[in-house]
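[1] Below is the sequence, then the predicted model.
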Number of protein chains: 2
Amino acid sequence: MRPAPDLSLYLVTDEAQCAGAGRSVLETVVAAVDGGATCVQLRAKDADGGPFLRQVIEVCRAVGSRVPVLVNDRVDVFLAARELGARVAGVHVGQSDLPALLVRALIGDGAFLGLSASTDAQVIAAQDEGACDHLGIGTVRETATKTDAPGGLGVAGVARAASLVELPAVAIGGVKAPDMAPLAAAGLAGGAVVSAICCAPDPRRAAAELLAAWREGLR
Amino acid sequence: MRPAPDLSLYLVTDEAQCAGAGRSVLETVVAAVDGGATCVQLRAKDADGGPFLRQVIEVCRAVGSRVPVLVNDRVDVFLAARELGARVAGVHVGQSDLPALLVRALIGDGAFLGLSASTDAQVIAAQDEGACDHLGIGTVRETATKTDAPGGLGVAGVARAASLVELPAVAIGGVKAPDMAPLAAAGLAGGAVVSAICCAPDPRRAAAELLAAWREGLR
């Protein structure tokens, strides 16, 4: 069995947002992990495979021994990074990416696999299928980043969907610091954030505040 | 050793162009192979992995025993299709995709690997590296489809670049029927076309004319 990674503060990167804040993805990730981010998913929907692979390798070299680093969508980039010896932990896919069962066959049993879900049916199917290790459920509220998911389930809606299964689930989509305590209290495994860290003036401090808020909700 | 595929008339698909002509990619490929296309590369830069995988499987089911079907860029889609038993022949990558040596490691020795090149240095590096089986050199002339390559080498420029190496090379980028005979006469291994088939009112007839022109140039 794979030990469940700590998903409490799960950073999903957005290169344009990082650039808008005057930083690279690598700089943002390092600062966020210094601040307390517990898991990192590298997402680069518009990047070619070559530059994305270089980003994955750089980030894994910088933080891969401290937190799990997951690759969004591109199973081939994950496989190439592993082939090069990078400490890359797994893959995250959405409903329109390669099917989770096939991804599991390609990455093997030792890697983590996350799956996005936004409806009850998707959440239950993910558990029944048995391919993924954790879910990203959302969106919590409308967001410009995750355009492939229906919006506005709210904390209560995400928590209700997560309660349908035993798989650990993080809430994603417009999650901000004030959401973290309610999400923790509602039994989620974590809060996934994009702009709350990528757009922050100080991503280390933003991560520290998000994690503190999460822990507050666990009391 | 992999036997060299027949690259004479090499179709690269473009979903938007096929749709503009009122056809699916599958319909276009079947018609083109009926007309004489000898090799097919499925290219879907903007598609998600799931829909692209379905397209690859459908096309392989329809024509994979008649001509080699290559997957553009997405090594993971190739691996997933093969995992599902599809008769998919290989992968084609560009200079900004995953590096050819890594792709070779991921797809194994039994699969074909094509690589795009547009400069003398890229052509020679591809041969020295030893990872790919054939090259796509271009563009022959400016084109809206291949926006990642410098334009306008012309038939003579492509032929000169191809002559630098022993790897088989197809010319790509704005190739039309009148170019096919000169390309064949200049020693290329084939002509790769996108819009000349994908936009054609009758893709079967377009393919037949392109192949006839190619053979004319071999006399």
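    Alright, I've got the coordinates.
[2] Near chain B, which residues of chain A are found?
    A:48-51, A:53, A:73-77, A:79-80, A:83-84, A:93-99, A:102-103, A:105-106 (Cβ under 8 Å from any Cβ of the partner chain). Backbone N, C-alpha and C define where each C-beta goes, glycine included.
[3] Could you look up the SS state of residue A:128?
    Judged by DSSP: H, G, I helix; E, B strand; the rest coil, the three-state class of residue A:128 is helix.
[4] how close does it sit to chain B?
    Per Cβ to the nearest Cβ, to the nearest Å, residue A:128 is found 18 Å from chain B.
[5] so who does residue A:206 touch?
    A:32, A:35, A:177, A:196-197, A:200 (Cβ atoms under 8 Å, 6 or more residues apart in numbering or on different chains).
[6] hey, where'd the strands end up in chain A?
    Under the criterion DSSP state E, chain A contains strands at A:9-12, A:39-42, A:69-72, A:90-93, A:112-117, A:134-138, A:169-172, A:190-193.
[7] wait, isn't residue A:112 in contact with residue A:134?
    Yes. With contact defined as Cβ atoms under 8 Å, residue A:112 reaches residue A:134; the gap is 7.4 Å.
[8] any residues in contact with both of these two?
    residue A:5.
[9] Go ahead and build a PyMOL selection from the buried members of the contacts of residue A:206.
    Burial among those is assessed by 16 or more other Cβ atoms under 10 Å in any protein chain shown; the matching PyMOL selection reads:
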select buried, chain A and resi 32+35+177+196+197+200
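[10] Dump the contacts of residue A:206 to JSON lines, plus distance to residue A:61.
    Below are the contacts of residue A:206 laid out as JSON lines (distance: Cβ to Cβ, whole Å):
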{"residue": "A:32", "distance to residue A:61": "16"}
{"residue": "A:35", "distance to residue A:61": "19"}
{"residue": "A:177", "distance to residue A:61": "29"}
{"residue": "A:196", "distance to residue A:61": "25"}
{"residue": "A:197", "distance to residue A:61": "20"}
{"residue": "A:200", "distance to residue A:61": "23"}
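[11] I'd like the contacts of residue A:206 written out as TSV, with pLDDT added.
    Listed next are the contacts of residue A:206 as TSV, based on pLDDT from 0 to 100:
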residue	pLDDT
A:32	98
A:35	98
A:177	97
A:196	98
A:197	98
A:200	98
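[12] From the contacts of residue A:206, which land in helices?
    Among these, the ones falling in helices (DSSP state H) are A:32, A:35, A:177, A:196-197.
[13] Quickly note the distance from residue A:26 to chain B.
    19 Å.
[14] How about residue A:182?
    Applying Cβ to the nearest Cβ, the value for residue A:182 to chain B is 32 Å.
[15] before we move on, the earlier item: can I get the strands of chain A in JSON lines with mean pLDDT and mean neighbour count?
    Listed next are these as JSON lines, based on pLDDT from 0 to 100; neighbours: other Cβ atoms under 10 Å in any protein chain shown:
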{"stretch": "strand A:9-12", "mean pLDDT": "98", "mean neighbour count": "28"}
{"stretch": "strand A:39-42", "mean pLDDT": "98", "mean neighbour count": "27"}
{"stretch": "strand A:69-72", "mean pLDDT": "98", "mean neighbour count": "27"}
{"stretch": "strand A:90-93", "mean pLDDT": "98", "mean neighbour count": "26"}
{"stretch": "strand A:112-117", "mean pLDDT": "98", "mean neighbour count": "25"}
{"stretch": "strand A:134-138", "mean pLDDT": "97", "mean neighbour count": "28"}
{"stretch": "strand A:169-172", "mean pLDDT": "98", "mean neighbour count": "29"}
{"stretch": "strand A:190-193", "mean pLDDT": "98", "mean neighbour count": "29"}
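[16] In CSV: the ones you listed, plus distance to residue B:7.
    What follows is the strands of chain A, written out as CSV (distance: least, Cβ to Cβ, whole Å):
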stretch, distance to residue B:7
strand A:9-12, 41
strand A:39-42, 36
strand A:69-72, 33
strand A:90-93, 34
strand A:112-117, 38
strand A:134-138, 43
strand A:169-172, 45
strand A:190-193, 46
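[17] Of all these, which one is nearest residue B:205?
    Taking Cβ to Cβ, strand A:90-93 is the member of those nearest to residue B:205, at 40.9 Å.
[18] For that closest one, name the packing helices and strands.
    On a contact count with 3 or more Cβ pairs under 8 Å, 6 or more residues apart in numbering or on different chains; DSSP states H and E, strand A:90-93 meets strand A:69-72, helix A:75-83, helix A:100-107, strand A:112-117.
[19] if we go to 6 Å?
    On a contact count with 3 or more Cβ pairs under 6 Å, 6 or more residues apart in numbering or on different chains; DSSP states H and E, strand A:90-93 meets strand A:69-72, helix A:100-107, strand A:112-117.
[20] which secondary structure elements does the shortest one contact?
    So the one you mean is strand A:69-72. strand A:39-42, helix A:49-63, strand A:90-93.
[21] strand partners of that strand, parallel vs antiparallel please.
    strand A:39-42 (parallel), strand A:90-93 (parallel) (DSSP bridges).
[22] pLDDT below threshold where in chain A?
    A:1, A:144-151 (pLDDT under 70).
[23] please redo it, this time with the cut-off set to 80
    Where chain A drops to pLDDT under 80, the residues are A:1-4, A:143-151.
[24] Report the separation between residue A:41 and residue B:203.
    Taking Cβ to Cβ, to the nearest Å as the measure, residue A:41 falls 41 Å from residue B:203.
[25] just residue A:109 next, same as before
    Distance, residue A:109 to residue B:203, by Cβ to Cβ: 44 Å.
[26] circling back: dump the helices and strands packed on strand A:90-93 to TSV, plus distance to residue B:66.
    Converted to TSV, those look like this (distance: least, Cβ to Cβ, whole Å):
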stretch	distance to residue B:66
strand A:69-72	35
helix A:100-107	26
strand A:112-117	36
